[in-house]
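[1] give me coordinates for this.
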Amino acid sequence: MMRKSHPSTGVVSDCSAPVDAAALEPICVRIAVAVKLTGIGRSTIYELIAAGEIETVKVGRSTFIRYDSLKRLFEKH
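    Numbering: from 1, shown residues only. I've put the predicted structure just below:
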């Protein structure tokens with residue numbers, strides 16, 4: 001399974017199977033994208049990560065936030 005990060009948005013998606021573009025949901029997003037999507041400040045995002053409220057994945061030096069983790073955050077609050 002191949003996953004690819006879009007260079008300008010940082011959104012990571014599965015590239016192995018054809019999918020309806022309107023229904024495509026990212027697997028992970030970069031910190032800056034999570035800030036834009038949620039309206040939560042960068043510092044607060046890092047606090048939520050430290051508290052275990054948001055699940056992250058490290059790839060090299062890059063930190064990605066699992067998209068489903070962001071959705072769960074808003075379902076809880």
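
[2] now do residue 55, the pLDDT please.
    pLDDT recorded at residue 55 is 97.

[3] so who does it touch?
    Counting by C-beta atoms under 8 Å, 6 or more residues apart in numbering, residue 55 touches 65, 66, 69. C-beta: built from backbone N, CA, C; applies to glycine.

[4] okay, now the unreliable bits of the protein?
    Within the chain, the segments meeting pLDDT under 70 span 1-19, 21-22, 77.

[5] make it 80
    In the prediction, the chain carries residues with pLDDT under 80 at positions 1-23, 77.

[6] mind listing the helices for it?
    For the chain, helices defined by DSSP state H occupy the ranges 31-38, 42-50, 67-76.

[7] ok, which of the ones you listed comes nearest residue 59?
    helix 31-38 (12.8 Å; C-beta to C-beta).

[8] flag every buried residue along the closest one.
    31, 33, 34, 35, 38 (16 or more other C-beta atoms under 10 Å).

[9] what's around residue 54, how many residues?
    21 (other C-beta atoms under 10 Å).

[10] skip the chain neighbours and tell me the closest residue to it.
    residue 48 (4.6 Å; C-beta to C-beta, 6 or more residues apart in numbering).

[11] identify the residues contacting that neighbour.
    Residue 48 neighbours (C-beta under 8 Å, 6+ apart): 40, 54, 73.

[12] what's the spacing between it and residue 57?
    15 Å (C-beta to C-beta, to the nearest Å).

[13] over to residue 71?
    16 Å.

[14] same question, residue 65
    From residue 65 to residue 57 the distance is 8 Å (C-beta to C-beta).

[15] just residue 46 next, same as before
    Taking C-beta to C-beta, one finds residue 46 at 15 Å from residue 57.

[16] ok, residue 35 next?
    For residue 35 relative to residue 57 (C-beta to C-beta), the value is 17 Å.

[17] over to residue 49?
    Distance from residue 49 to residue 57, counting by C-beta to C-beta: 11 Å.

[18] quick check: neighbours shared by those two?
    With C-beta under 8 Å, 6+ apart, residue 49 and residue 57 have common neighbours residue 65.
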